[in-house]
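> A predicted structure for the sequence below; I have some questions about it.
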Amino acid sequence: MTLVVIRILIVDDSAIFREGLRAMLEAHTDWEVCGEAMNGVEGVQKNRLLKPHLIIMDFSMPQMSGIEAAAEILKDSPKVPILLLTLYLTPQITKEAPKREFGQLCRKQPRIILSAASLQYCVTKNLN
């Protein structure tokens, strides 16, 4: 049986957060961070270039929010699962997020992100 490596794109404006998340994700032998972006605009561009299997993206970023970037990404890659991260699950965010069909919304906490990333990918299994 061939091991399938899941390619993950991280989109977050915090370099320290991206670095820490990369280290956590790459501790899994079947996960590879194929790229990083520091804002939504760059995330859209990197998605087109890298064709990741999963995108982990911050909700609040300069230039283009995570929700706006997710909408753009899904125009090009309608099946890519997107895990949108937020520090605070406010009523506005929890109301707005389900209107968009981007994937899953979760708190920006390491254990939650790892389990959500696993579940998100297992549910969608969209390797093209």
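Thanks, I have it.
> The chain: strands as residue ranges?
Ranges of strands within the chain are 6-11, 31-37, 54-58, 82-86, 103-107, based on DSSP state E.
> Of all these, which one comes closest to Gln45?
Gln45 sits nearest to strand 31-37 of all those, at 7.4 Å, using C-beta to C-beta. All C-beta spots, glycine's among them, are computed from the backbone N, C-alpha and C.
> Can you list the strands that that closest one pairs with?
Strand 31-37 pairs in its sheet with strand 6-11 (parallel), by DSSP bridges.
> As CSV, could you dump the C-alpha coordinates of the partner strand?
The C-alpha coordinates for strand 6-11 follow below in CSV (Å, rounded to 0.1, in the frame of the first residue of the first chain):
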residue,chain,number,x,y,z
ILE,A,6,-1.4,15.2,2.4
ARG,A,7,-0.2,18.5,1.1
ILE,A,8,-1.2,21.4,3.3
LEU,A,9,-1.1,25.2,2.7
ILE,A,10,-0.9,27.5,5.7
VAL,A,11,-2.3,31.0,5.3
